[in-house]
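J.: I'd like to go over a predicted model; first the sequence, then the structure.
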Amino acid sequence: MADSYFRQTALAPLGLAAKATDAPGEAGVLMSEHPLAEHVNLRGDGASVEFLQVARTTIGYALPTEPNTVTEGTNSRALWLGPHEWLLVAPLGTALVATLGRGLAGRAFAATELGDARAVIGLSGPNARDVLAKSCPLDLNPKSFGPGRCAQTKLSRIAAIIAQRDDAPSYEIYVARSVARYTWRWLEDAGSEYGVAIVAG
Amino acid sequence: MLLINCPWCGPRDEIEFTCGGEAHIARPADPAALSDQEWAEYLFMRKNLKGLHYERWHHSYGCRQWFNAARDTVTHEIHATYKMGETPPVVAGEDGVVKGGNS
Amino acid sequence: MKRREARLDVGGRVNRDRVLNFTWNGKPYKGLEGDTLASALLANGISLVGRSFKYHRPRGIFSAGAEEPNAIVQLETGAYTQPNVKATQVELYEGLEARSVNCWPTVEYDFGAAANLCAKLLPAGFYYKTFMWPSRFWMTYEYFIRRAAGLGRAPKEADPDIYDKAHAHCDVLVVGGGPTGLAAALAAARAGARVVLADEQSEFGGDLLGRRDVMDDAPAVEWVRKVVEELASFSEVRLLPRSTVFGYYDHNYLAIAERRTDHLHPKDGAGTPRQRLWKVRAKQVVLATGSIERPLVFADNDRPGVMLAESARTYLNRYGVKPGRRAVVFTNNDNAYAAAIDLADAGVEIGAIVDLRPDVQGPLPQKARARGLEILAGEAIVATHGRNRVQSVEVMLLSPEGDHVHGTARKIDCDLVCVSGGWSPTVHLFSQSGGKLTYDAGRACFVPGKSKQAERSAGACHGTFGVADCLDEGFAAGLAAAGAAGFTTAGISLIAPAVEQPGEAGLRALPIVPGRAAVGHGKAKHFVDLANDVTAADVRLAAREGYRSVEHTKRYTTLGMGPDQGKTSNVPGLAILAEALGKEIPDVGTTTFRPPYTPVTYGLLAGRDVGEMSDLTRTTPIHEWHAMTGAVFDDAGHWRRPWYYPRAGEDMAAAVRRECRAVRESVGIMDASTLGKIELVGPDAVKVLNQVYANAWDNLAVGRCRYGLMLGEDGMVFDDGVTARLGEHHYLMTTTTGGAARVFGWIDDWLQCEWTNWKVFITSVTEQWATVSIAGPRARDLVRELAAGTDVSAEALPHMAIREAKVAGFPGRVARISFTGELSFELSVPSSYGMALWTACVTAGAKYGLTPFGTEAVHVLRAEKGYIVSGHEFDGTVTPQDLGMGWAVGKTKADFLGRRSLDRSDMKRADRKQLVGLQVQDPNAVLPEGSQVVERVLKAPPMPMIGHVTSSYWSETLKRGIALALVAGGHARMGQTVHIPLEDKVLDAVVVSPVFYDPEGKRLHG
Amino acid sequence: MRRYSIWSLLRNARSYHEGWAEAWRSPEPKPEYDVVIIGAGGHGLATAYYLAKEHGIANVAVVEKGWLGGGNVARNTTIVRSNYLSPESAFLYDKAMELWPGLSRELNYNVMFSPRGLINVGHSHEDMTELRRRVRALQLNGIESSMLTTAEIAKKAPILDCSPTAPHPVFGGSWQAKAGIARHDAVAWGYARAADARGVDMIQNCEVTGIRREGGRVAGVETVRGTIRARKVAIVTAGHSGVVASMAGFRLPLTAYTMQAFVSEPMKPMLDTVVMSSKLVSVSQSDKGELVIGMSTEPYASYSQRGSLPEIERVAQTMTELYPCTRRVRMLRKWGGTVDVPVDASPIMGKTPVENLFINVGWGTGGFKSIPGSGFVFAHTIATGEPHPLAAPFGLDRFASGRLISEHGATGALVHGE
């Protein structure tokens, strides 16, 4: 749609699409930028059964209450960010903010669209974990961090949310839009010894 | 390099946190009623304990929650962390004697 | 000696089929794969390697490892040169270049050796007692002292190599890959634990590599090979050879320096990281760091050819090099006899074994006797001879008390003296972990005391020296560690290999071996610390002069402060001090060890966050346009903001003048995206505003904005900005660019910790919105086009009003907010539309002469209006009243953060620094920011200052220089003339209102 | 006191250096003194010396829980300078500057004061404005200081990356020619020896466990070696001030932090001046050839004297960027000290709520350089009972009135105060 023609992801200026390959070959690290999406920061009383119940009926699945985990519905996912804070991710056009506004009306909550405030970098491949280990103090060993887990942490100097999607392993790295390029360069540089391939997001 | 047990996220590296200094210093209900000296006590004066110290920590790169920690300022041992509003645990030091304490 | 004699035809871990060429002091030599520089030098019969730190005495290779105090060399040249490398730790590679340090012109003939002649005048701390007269001469003395001191030379060029870092987590970290460490790692691995095994050597095996132990009827190295093979087969085991664990920090966090390409020629290492810093968080740690042999302190014990006994054995067995042709072994324990036997077996003549102990009956001495080696029990070496290498020693009988020697001296020829004073467990990491050491008088060494962290020491570093015992302790420690880390260890079979472990009789600890003359008398020197040339006499002198604490002694004599950090001199030094003070060693105490165990490069500690990665940079959604337009950037809080947009041939001043004109005369456009934005949602949002801002917020209507000052609890302004009311319970706060994070944290802190039951949520939306500011008389014309469908007339959208609107067809907001004092609109859209909006504005604005302006122009324009800016007018020391902004303080408000502080006595002072404008009398003069203001110009300082210039610019609008300043009692000085002394002249200025332009704000509200 | 000189060295050489006298006695504490000074660090020893020399009060004991000179005077970066922003600080530190050059002669102990000059590098326009403001203030106060161009800095510190492409470009800087370094241990030992010669008792291994008060006035100290009575007591306990103050029943507006420093292996001369910067606290090269690098305080309260790794990584990163030739150079040794940092990063000197109990604490990261001046003015304060004019602005009362002396940024140290 015309709309998307005007909209730019944080890394659009890097022209990643043109550099993307579908034959990564020997590369130990695959990197991509995910397309724009709705990222709704949801705030509410995570200790209130009632709130969680209403939220559940509103989005069709339960918000994660176990710290640093992800729950998933048909067309959106919810990442635990704090005892009273979640990040809901859905494709553009889902209109999550409106849905939540209707569903939670009358309750103490805040649903704020932050999709434009973020960039999501995809990092996967046999050495993805090694690259993250260079910058991030989390223990990403499968025993302690696997698919369905997320964590807010520090990548080098960058505040980031890391979510693991599968056992490839594939990770999603959420960072502020303004530091997306620094983050990309950092990961590219850290991955260079394993070989980096850019793939479609 | 401390390993700090965030009451929400569990053990995380020191670099994810910020220290907020001495804990359990409530803001006076009616500052206007205080003398300059009393106000300075709240504003500036600190226990600065050597040994067990109750202090505020913020998981700034994580869940962004403030919490309290009972930490030994000599050994850096963290005896306990607890959520805001919870009453501070009484901690026995290595010698078994309860040191410090909260105000 | 002829070269081929030194290298054995067989044996050792060197590869005789791979000859390596290297140069030493410019001359070519050959070594073998598996050599260290030290072993290769010995193989080539080179014994004189360097000159000592203070006296420039000839020095050779003293050890075979990290404890080396003498053989310090300069490695390679140019950008790859590396100062102060220990030859005993350098793996030989093809083309290696190394040189001696601290000598001139050559190591053989060194002018510096003149220091020896006046050695008598250079006791410990001599420099504290002289060079005081005349005082200004110290700089001259110092010039020469500095040049005499120091060892190697730093590179002149930047380092071409790259360095890397990585975090690692494990259940069990085993430090040390000798028999104990291998056993511990194997046990933990079999229990299923995630194991990291780090060892500083190029291959695992530790002391076994330098000995000829037999395990299960095969060479011990065979057992090592099997164990390493099995460890490598575990997916969760990480083997790190060439990796030194150099730091043990709080909560079982350890730092490892992995040397990845140091064993290669620089050109072969290019591309891959030279070194990697591993930062390991371990559930459990097993320290198996072994032990370091102690020397004996005797007369002239520093000559080249004097070497630790175990090291001689290592050169023989591991490198296949005979460290000498004829050796005298000088010991106070049984262990050194093994070295004597190995040397004899290898064809090295044994002149004699001189043993301080009168009665020598242990199994090893018996074996030596049986081999026909001569043992001189109860005797001592009283002198060594030889210029650049020992040629002979003299031996005399030792008194039963060990306090003097007697009888006639016997001269024994030799080119090698193997000394052993017992062993010191390598307790450095244990000590770093916070543990206290305890003294074991029997073995005259410090051993680990109670563990302070999740750590256990095993083997030699625990005071257990027998190889069989080490294996048992290793297995036990590995299992215990795995168990403590939560793994079941029952039923894991661990069978130690059968190995012979000869029993050992006790040693005879003698702090100083007496010589012919009393210590410090006569010519001979009894060295304790070879690296820093500290002698027994120096330590006694320190004690005599009252430097009784071991810290005093170390600092006064520099004992243990050299490049080897006293690895061989620590305990001997303490023993001598204790004796001098008539105390026991534990009462004198030891110093606590601190990281690093061995020196680490700064490149390693810096890692890859250098150059391009050195600083986090933040860019706005419109950054490309700025960059392509040739904007010059200015950094604020990591943000890269356009500072000004020079056109061809324009300098900064010209560009800024043009940008200012555009805004005042037509219209300008600025990227305001970096300003902090915080949404407050909830019924108590207004309560928050009332607390964090000094002014009142109850009556702000929906759709309107208000400016506020934020104070710390100390009453000082720390941020300012405009907050808009978007809905009943919905506010949007803007903060300064640099203050955004602090303001959010400030409010969040109060909400979480004090106002816990307030119904409000705050969310940072700084990056969600791209914001464009359109300012200037033609602004409305342009915005009317862009925001078609929204009435932007002065009536519908007055100053400080905000509306939802479609801008350039994108969903967003229009607000009337001005930093410039001009008619000004803020257009905001979601960041992804930012570039589209900007380009739309630029296209539509062309006909109005729309001019992009940067932060410098904004600074000029706001200064003309007297608007304050963080870091200029407020820096944490000024109150709203100081700024003349009392109007921004709610008089009727009972309380807000910082209010009470404003009532303190000092805030009432009439002579507080207050914000004023300065009108320089010379209109063309622009005061340098930071200039000081004085009331009266005196002939000479001190000249009392009344304030300083906080902002100063050329005002293109007013065609003159303008300045803002904080001046003592400034508000009462209006019209007064003050003076601003500069480097070369004094400028006069009149104190005026800080508002230079459009005081009534007509244009603003236009 | 037997004087030190080249002649005494020659004389003693003949007797194999066995004739040297003790630098100071190790006396048993007397039951009572005119003044008891708690803490035999640089400031405490200097105070004792000037009490005896300037005010004739020699019946003084300096009680120390460990070994004399074992506090921060034993673990700092030995920098001496007086280029502070606020006039109050500048004048106070310059009093020390005035005493440093003659100190070796005065104490007859070579403290190796080396006025090799100090550069403050600016890496941004904000830095330059700040430096200009400071230099101008110093000059108007009659304190030597001047601005430097990038080219001048490049000449004075050739190993500093002054190229336009540097990660931390050098915009210029300021210069104080009379600033430099000194041999830290020698300062403590020199004052101790000179004070001892004037009759002051240095009592080591004598930890103070309580402060004796009688009717709101101080009466002495309780120590592990018994009670020592005194008419006046002075707390000079950098790193432990909060602890000792609590013994006297009051709190202080400061926090104890660990501050680290590290040195490289000894190398031939490569840096002839002291360089400070908004990016990196300080670098100088000791006479032994070691590069001495200062660091910021650790980010949380600590008495451990053990620093952590992140700060070292941060400093090494900045250092290798400012000085590219140091990447292959190696860190040999590092140490940590405990510094008391007041909320306004300026020292606290003068009276306390307890009569005749005086404090001289909170020198934070700037204590070493001020030792002579601090001792001089504090001795005056104790002797007369009234603050020395130079010390007056630094009283404890400023925290109630709000008249703080903000030196944040003066040291480059990250200060976590209110």
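T.: Structure received.
J.: how about the strands in chain A?
T.: Counting by DSSP state E, one finds strands in chain A at the ranges A:29-33, A:37-44, A:70-72, A:77-82, A:85-91, A:109-113, A:118-124, A:150-155, A:158-166, A:170-176, A:196-198.
J.: tell me the residue furthest from the middle of chain A?
T.: Farthest-out residue of chain A from its mean C-alpha position, per CA atoms, centre = their mean: A:Gly106, at 29.2 Å.
J.: out of the strands of chain A, which is closest to chain D?
T.: Distance to chain D, taken as CB to the nearest CB, is lowest for strand A:150-155 among the strands of chain A, at 10.6 Å. (Each C-beta comes from the backbone N, C-alpha and C, glycine too.)
J.: give me the distance from the closest one to the chain's centre.
T.: 11 Å (CA atoms, centre = their mean, to the nearest Å).
J.: pLDDT below threshold where in chain A?
T.: A:1-3 (pLDDT under 70).
J.: kindly recompute the last result at 50.
T.: A:1 (pLDDT under 50).
J.: near C:Ala361, how many other residues are there?
T.: Heads up, residue C:361 is Gln, not Ala. 11 (other CB atoms under 10 Å in any protein chain shown).
J.: which ones are touching the residue nearest to it when sequence neighbours are not counted?
T.: Setting aside the residues directly before and after it, C:Gln361 is nearest to C:Ala505 in space (CB to CB, 6 or more residues apart in numbering or on different chains), at 6.6 Å. Neighbour list for C:Ala505: C:333-334, C:357, C:360-362, C:365 [criterion: CB atoms under 8 Å, 6 or more residues apart in numbering or on different chains].
J.: so which of these comes closest to D:Ala46?
T.: Nearest to D:Ala46, judged by CB to CB, of the contacts of C:Ala505 is C:Asn333 at 48.9 Å.
J.: distance of that closest one from C:Arg212?
T.: 19 Å (CB to CB, to the nearest Å).
J.: do the same with C:Cys753
T.: 67 Å.
J.: residue of the stretch 201-350 of chain D with the smallest distance to chain C?
T.: D:Gly289 (2.8 Å).
J.: what's the domain layout of chain A?
T.: Taking automatic domain parsing as the domain assignment, the ranges for chain A are A:16-36+A:116-198, A:37-113.
J.: secondary structure class for C:Val85?
T.: Under the three-state scheme (DSSP: H, G, I helix; E, B strand; the rest coil), C:Val85 adopts strand.
J.: before we move on, back to that, and C:Asn333 and C:Arg212? which has more neighbours close in?
T.: Counted by other CB under 10 Å, C:Asn333 and C:Arg212 do not tie: C:Asn333 has more neighbours, with 29 against 16.
J.: identify the residues contacting stretch C:862-873?
T.: Contacts of stretch C:862-873 (CB under 8 Å, 6+ apart): C:717-720, C:736, C:738-739, C:819-821, C:859, C:874, C:883, C:885, C:915, C:917, C:929, C:950-953, C:955, C:957-958, C:962-964, C:966, C:993-998, D:126.
J.: quick check: end-to-end length of that stretch?
T.: 12 Å (CA to CA, to the nearest Å).
J.: what about that stretch, average pLDDT?
T.: For stretch C:862-873, mean pLDDT rounds to 96.
J.: surely D:Met128 touches D:Gly172?
T.: Yes: if you go by CB atoms under 8 Å, D:Met128 and D:Gly172 touch, sitting 5.7 Å apart.
J.: so what sits against both of the two?
T.: D:Gly122.
J.: right, is stretch D:13-32 up against chain C?
T.: Yes: Stretch D:13-32 is in contact with chain C by CB under 8 Å from any CB of the partner chain, via D:13, D:16-18, D:20-26.
J.: which parts of the stretch 651-800 of chain C sit against chain B?
T.: Residues of the stretch 651-800 of chain C lying near chain B (CB under 8 Å from any CB): C:713-714, C:745, C:748-749, C:752-754, C:756.
J.: do you know how far C:Gly178 is from chain A?
T.: Per CB to the nearest CB, to the nearest Å, C:Gly178 is found 28 Å from chain A.
J.: C:Pro83 too?
T.: Applying CB to the nearest CB to C:Pro83 and chain A gives a distance of 28 Å.
J.: what residues does chain B have near chain A?
T.: So chain B meets chain A at B:8-10, B:12-13, B:15-16, B:61-65 (CB under 8 Å from any CB).
J.: restricted to buried residues, select the residues of the stretch 651-800 of chain C next to chain B in PyMOL.
T.: Buried residues within those, by 16 or more other CB atoms under 10 Å in any protein chain shown, are selected in PyMOL with:
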select buried, chain C and resi 713+714+745+748+752+753
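J.: now, the residues of the stretch 651-800 of chain C next to chain B that are in helices?
T.: Of the positions in those, C:745, C:748-749, C:752-753 sit in helices, assigned by DSSP state H.
J.: what residue in the stretch 1-150 of chain D comes nearest to chain B?
T.: D:Lys65 (12.0 Å).
J.: pretty sure that residue contacts D:Val221?
T.: No: assessed by CB under 8 Å, D:Lys65 is found out of contact with D:Val221, at 11.4 Å.
J.: so what sits against both of these two?
T.: D:Val208.
J.: related to what we said a few turns ago, in a markdown table, list the strands of chain A along with mean neighbour count.
T.: Putting the strands of chain A into a markdown table (neighbours: other CB atoms under 10 Å in any protein chain shown) gives the following:
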| stretch | mean neighbour count |
| --- | --- |
| strand A:29-33 | 24 |
| strand A:37-44 | 22 |
| strand A:70-72 | 18 |
| strand A:77-82 | 23 |
| strand A:85-91 | 21 |
| strand A:109-113 | 21 |
| strand A:118-124 | 22 |
| strand A:150-155 | 24 |
| strand A:158-166 | 20 |
| strand A:170-176 | 22 |
| strand A:196-198 | 21 |
